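[1] the following comprises the amino acid sequence and a computationally predicted model.
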Amino acid sequence: MTSLNIIKAINIGLRRSLERDDKVLIMGEDVGKLGGVFRVTDGLQKDFGEDRVIDTPLAESGIIGTAVGLALRGYRPVCEIQFDGFVFPGYDQIVSQVAKMHFRSGGRLRLPIVIRIPYGGRIGAVEHHSESPEAYFAHTPGLKVVTCSNPLDAYWMIQQAIELDDPVVFFEPKGRYYTKGEVDVDGEPELPLESARVALPGADATVVAYGPSVKTCLDAAAAAADDGRSLEVIDLRSLSPLDLRAVYDSVRRTGRLVVVHEAQRSLGIGAEVAARVTEECFYSLEAPVQRVTGYDTPYPPARVEEEFLPDLDRVLDAVDRTFAY
């Protein structure tokens, strides 16, 4: 076992994929010589060359469009979008080309593209650097959308995404990049890419999160335990497709559900989880599903971002509301 943070776990995962398949390419702004703004690709260009770890112009539409052509020619490009808010110049390519090519060709063409997007807050950044645009992509048929919350998942999920023949949008929680954990780099993945996991077993209420919010919920569960309340925390990991089997099983036992994410509240992933749980577990629910999210405003300036983001107190307050019914 090796102690790694999420940055290093993804770096080693990318290195393993580059070693395993010479058709794997990494491309993006400053991914080569600089090693990426967060140093996720540090050292890869030096070891694999400029033809496989490619510094691109500052043009997200060009990055994604070039990846489409490469994928059609048999390559497996991994595109880095430098920050979440920078993805929108490439959004047309992702939605109009990447997501549709397999369907447009009647199943004859595949696009094995991974689009890496650091997302979320807690880095004290300026506008366009702390957004959570995952619902845009999860709403789009033809894309798989996944996100890791810890180094072990980061290491395995990036490799699993690259091995798929389908396009994957891979969200990385940059506010948790330095979270450390034990990783067996020579072991086997514990779960398929599209599976949720129970991050913490519990009996009294179910709390569902993904990406950067998982740690917030685990901290809330630890605080609740001091008060004698047992929370089960589930990490979704995959946002499209959603794997809600563990959530349904948990809610049928606990009767209570709180969904947590940093993205704005309206029409977010939490709303979809709440709707599906209500459809499947209506007679098991002892209270309405609660959501703890960002607010329906643009992401705020760094000095007040902590007021926008879900925190331990807001999660515990939502849990208390479920017990008030």
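    Received the coordinates, thanks.
[2] which parts of this protein are strands?
    Secondary structure of the chain (DSSP state E): strands at 2-5, 24-28, 53-55, 76-80, 114-119, 144-147, 168-173, 180-183, 197-200, 205-209, 231-235, 238-240, 257-264, 290-294.
[3] single out the most deeply packed of the ones you listed.
    Comparing those by mean neighbour count (mean count of other C-beta atoms under 10 Å), strand 205-209 ranks first with a mean of 30. Where C-beta positions appear, they are placed from N, C-alpha and C, glycine not excepted.
[4] what sits up against that one?
    Strand 205-209 is contacted from outside by 149, 216-217, 220-221, 229-236, 247, 250-251, 254-261, 273, 315, 319, 322-323, using C-beta atoms under 8 Å, 6 or more residues apart in numbering.
[5] 6 Å instead, please
    When contacts are defined by C-beta atoms under 6 Å, 6 or more residues apart in numbering, strand 205-209 is touched by residues 217, 231-234, 247, 250-251, 254, 256-260, 273, 319, 322.
[6] what's the domain layout of this structure?
    2-183, 197-323 (automatic domain parsing).
[7] tabulate those (a markdown table), appending mean pLDDT and distance to Glu190.
    Converted to a markdown table, those look like this (pLDDT from 0 to 100; distance: least, C-beta to C-beta, whole Å):
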| stretch | mean pLDDT | distance to Glu190 |
| --- | --- | --- |
| domain 2-183 | 97 | 7 |
| domain 197-323 | 97 | 8 |
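[8] any idea how far Ser250 is from the most centrally placed residue in the chain?
    Nearest to the geometric centre of the chain sits Thr147, at 1.9 Å (C-alpha atoms, centre = their mean). To Ser250, Thr147 is 20 Å away according to C-beta to C-beta, to the nearest Å.
[9] same check on Ile54?
    44 Å.
[10] same check on Ser149?
    For Ser149, the distance to Ser250 - C-beta to C-beta - is 17 Å.
[11] list the contacts of Leu316.
    Ala220.
[12] can we see that at 7 Å?
    By C-beta atoms under 7 Å, 6 or more residues apart in numbering, the residues touching Leu316 are 220, 223-224.
[13] can you check Asp296 too?
    264-266.
[14] now, among those residues, which is nearest to Pro212?
    Gln264 (14.6 Å; C-beta to C-beta).
[15] my read is that the closest one contacts Tyr299, right?
    No. Taking contacts as C-beta atoms under 7 Å, Gln264 lies outside contact range of Tyr299: 8.8 Å.
[16] what segments of this structure are helices?
    Assigned by DSSP state H, the helices in the chain fall at 6-20, 44-48, 60-72, 91-93, 101-104, 134-138, 151-163, 213-226, 245-254, 269-281, 305-308, 312-323.
[17] quick revisit: turn the strands of the chain into JSON lines, including distance to Ser96.
    Output for the strands of the chain, formatted as JSON lines (distance: least, C-beta to C-beta, whole Å):
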{"stretch": "strand 2-5", "distance to Ser96": "36"}
{"stretch": "strand 24-28", "distance to Ser96": "20"}
{"stretch": "strand 53-55", "distance to Ser96": "23"}
{"stretch": "strand 76-80", "distance to Ser96": "16"}
{"stretch": "strand 114-119", "distance to Ser96": "14"}
{"stretch": "strand 144-147", "distance to Ser96": "17"}
{"stretch": "strand 168-173", "distance to Ser96": "15"}
{"stretch": "strand 180-183", "distance to Ser96": "37"}
{"stretch": "strand 197-200", "distance to Ser96": "33"}
{"stretch": "strand 205-209", "distance to Ser96": "31"}
{"stretch": "strand 231-235", "distance to Ser96": "31"}
{"stretch": "strand 238-240", "distance to Ser96": "17"}
{"stretch": "strand 257-264", "distance to Ser96": "23"}
{"stretch": "strand 290-294", "distance to Ser96": "28"}
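[18] right, I'll call it a day here.
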